[in-house]
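Novice: Quick one: sequence plus predicted model below, questions after.
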Amino acid sequence: MSLHADKRQALVIGAGLSGSAVAYSLATRGWAVTVIDKAEGPGAGASGLPAGLAAPHVSPDDNVLSRITRAGVQATLQRAKALLHSGTDWALTGVLEHNLAGKRRLPVNATDHHSAPASAAQVAAAGLPPDSPALWHAQAGWIRPRQLVAAQLRAQGVQVRWGQQVQGIERRGDGWAVTNVQGQTLGQAPWLVVASAFDSLALLRPLPGLTVPLNPLRGQVSFGHLADLNEAQRQLLAPFPVNGHGSFISGVPTPEGLPGWFIGSTFERNCEQAPVREEDHTANEVRLATLLPALGLAMAGQFDPERVQGWAGVRCTLPNRLPAVGPVDRKRLPGLCLSTGMGARGISLAVLCGELTAAWLNGEPTPLPDALIKHLAADRFVSA
Ligand SMILES: Cc1cc2nc3c(=O)[nH]c(=O)nc-3n(C[C@H](O)[C@H](O)[C@H](O)COP(=O)(O)OP(=O)(O)OC[C@H]3O[C@@H](n4cnc5c(N)ncnc54)[C@H](O)[C@@H]3O)c2cc1C
């Protein structure tokens with residue numbers, strides 16, 4: 001019997017939204033999956049974001065990004081409905097997009113897409129002046145990513161090894177082995193999925209003929225507790241998240257478990273570290289004042305350093321704002337897959353990418369048409 005008699009075994013490096021989604025999708029198809037993460041628990045990377053949005057992108061020509069995010073948001077919302085508690089872990093609230101720059105236009109047949117011009121009542125509920133340009137995304141809401149990660153990792157068939165940093169990956173026998181800094185083997189399997197966000201770059205660099213141009217993009221959210229707001233401030237809170245220039249979310253539990261408000265995020269290119277910075281709170285205060293001017297004015301005192309809390313993380317981006325997913329090079333690197341480069345849309349994309357990877361590995365029809373898949377496929381980074 002060969003070492004890999006059962007080919008339905010996979011190692012996944014990284015237990016964030018990307019890795020946990022791949023693990024869940026494979027495990028629910030009967031695969032045995034071992035996830036390895038250098039951290040001691042879920043949410044060590046960007047997926048530790050306290051609260052974020054699953055919301056579609058729209059464009060007049062319903063472009064590739066719009067079609068992919070729409071499919072991704074649907075997949076995420078279905079997964080959230082199946083695995084998470086509504087109201088504490090996620091909620092299908094709908095999202096109002098304040099169309100500040102006037103650049104977001106709906107396609108002509110937008111009725112299919114659950115996105116429409118916002119009604120006067122929705123604009124008023126957001127606390128915006130009646131003439132504010134705004135869209136309403138009905139199939140959208142907030143999610144606490146760490147909760148989704150933890151729930152996906154609980155799937156039967158998924159084993160997680162925390163506190164193990166992968167230093168190298170190598171082809172061994174007819175499969176893949178991953179090793180630590182001492183050169184010890186941490187795991188071996190016929191299939192390996194690299195889902196370690198920006199750190200994937202260092203693991204992939206030694207492989208011939210592959211250049212995945214991953215970039216780090218630091219971001220910070222500012223947040224506080226609703227209990228610290230006065231009545232006048234609370235009156236101005238919308239009953240749904242608002243995006244369009246960053247995003248504002250309220251009523252979602254903070255990491256301490258108390259109902260909170262959240263505004264983010266900053267964007268800092270080429271930054272691999274994620275310290276919380278005071279100047280980023282100031283930037284988020286300005287962001288809120290632009291997105292929701294009345295609320296921004298009322299909340300000014302909430303950004304004082306002794307009051308406001310912050311969380312920062314590193315997104316991992318690719319040039320076309322779409323991730324790198326699936327088999328890398330079936331001929332030269334058989335069994336090696338990626339699920340990385342989720343950028344600022346991991347909540348909207350990671351579940352779909354997990355399903356796509358599992359469909360490929362399991363020999364099933366894929367959940368997206370080929371015309372869209374080619375824009376996500378990891379093999380687009382293979383050089384001849
Ligand atoms: C401020 C901010 C706001 C955001 N807001 C939104 C939003 O509203 N909507 C949205 O859709 N997305 C949002 N995102 C993006 C989203 O959070 C990310 O796209 C997503 O979390 C990425 O998931 P991931 O699993 O690819 O990466 P990560 O969550 O970073 O996971 C990578 C994992 O790999 C592990 N790892 C790394 N290297 C190794 C190694 N060598 N060995 C073992 N383990 C390793 C890490 O410990 C980590 O757990 C936001 C991101 C930030 C930073």
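Specialist: Structure's in. What do you need? Residues are numbered from 1 along each chain as shown.
Novice: How about residue 126, nearest residue that isn't a chain neighbour?
Specialist: Nearest residue to residue 126 in three dimensions, chain neighbours excluded: residue 238, at 4.4 Å (Cβ to Cβ, 6 or more residues apart in numbering). For the C-beta atoms, the positions are set from N, CA and C on the backbone; glycine is no exception.
Novice: make that residue 32, sorry
Specialist: Using Cβ to Cβ, 6+ apart, the closest residue to residue 32 is residue 9 (4.9 Å).
Novice: Tell me, what's the model's pLDDT at that neighbour?
Specialist: Listed pLDDT for residue 9 reads 97.
Novice: in terms of contact, does it touch residue 190 like I think?
Specialist: Yes: under the contact definition of Cβ atoms under 8 Å, residue 9 touches residue 190, with a separation of 5.8 Å.
Novice: Looking at the two, which one has more neighbours?
Specialist: Comparing residue 9 with residue 190 by other Cβ atoms under 10 Å, the one with more neighbours is residue 190, at 21 against 18.
Novice: doesn't residue 31 make contact with the more buried one?
Specialist: No: when contacts are counted by Cβ under 8 Å, residue 190 is not listed as touching residue 31 (10.4 Å).
Novice: what's the overlap in contacts for those two?
Specialist: Applying Cβ atoms under 8 Å, 6 or more residues apart in numbering, one finds that residue 190 and residue 31 are jointly contacted by 9-10.
Novice: For the residue nearest to residue 32, give me its contacts.
Specialist: So residue 9 contacts 31-33, 189-191 (Cβ under 8 Å, 6+ apart).
Novice: Go again with 7 Å.
Specialist: Residues in contact with residue 9, defined by Cβ atoms under 7 Å, 6 or more residues apart in numbering, are 31-32, 189-191.
Novice: Show the pLDDT at residue 383.
Specialist: Predicted confidence (pLDDT) for residue 383: 83.
Novice: near the ligand, which residues of the stretch 151-300 of the chain?
Specialist: 165-166, 195-197, 199, 219-221, 247, 264-265 (Cβ under 6 Å from any ligand atom).
Novice: Make a markdown table out of these and add neighbour count and secondary structure.
Specialist: Output for those, formatted as a markdown table (neighbours: other Cβ atoms under 10 Å; DSSP: H, G, I helix; E, B strand; the rest coil):
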| residue | neighbour count | secondary structure |
| --- | --- | --- |
| 165 | 14 | coil |
| 166 | 23 | coil |
| 195 | 31 | coil |
| 196 | 28 | coil |
| 197 | 27 | helix |
| 199 | 22 | helix |
| 219 | 21 | strand |
| 220 | 22 | strand |
| 221 | 25 | strand |
| 247 | 24 | strand |
| 264 | 27 | strand |
| 265 | 25 | coil |
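Novice: Residue 81: which of those residues is nearest?
Specialist: residue 247 (21.3 Å; Cβ to Cβ).
Novice: Report the spatially nearest residue to the closest one, omitting neighbours in sequence.
Specialist: Residue 247 sits nearest to residue 53 (Cβ to Cβ, 6+ apart), 5.4 Å away.
Novice: Span of stretch 325-344 from start to end?
Specialist: Taking Cα to Cα, to the nearest Å, stretch 325-344 runs 16 Å from one end to the other.
Novice: If you count neighbours, what's buried in it?
Specialist: 325-329, 333, 335-344 (16 or more other Cβ atoms under 10 Å).
Novice: Likewise for stretch 128-140?
Specialist: 128, 132-137, 139-140.
Novice: Whether it contacts the ligand - can you check?
Specialist: No: interface with the ligand: stretch 128-140 contributes nothing (Cβ under 6 Å from any ligand atom), its closest point being 10.3 Å away.
Novice: Average pLDDT for that stretch, rounded please.
Specialist: Mean pLDDT, stretch 128-140: 95.
Novice: cool, stretch 257-274 as well?
Specialist: Mean predicted confidence for stretch 257-274 is 94.
Novice: Counting neighbours, what do you get for residue 301?
Specialist: Neighbours of residue 301 under the rule other Cβ under 10 Å: 12.
Novice: Ignore what I typed, I meant residue 309.
Specialist: Neighbours of residue 309 (other Cβ under 10 Å): 17.
Novice: show me what contacts it?
Specialist: Neighbours of residue 309 in contact, by Cβ under 7 Å, 6+ apart: 223-224.
Novice: so the spatially most central residue of the chain, which of the three states?
Specialist: Nearest to the geometric centre of the chain sits residue 346, at 1.7 Å (Cα atoms, centre = their mean). Put simply, residue 346 is helix when judged by DSSP: H, G, I helix; E, B strand; the rest coil.
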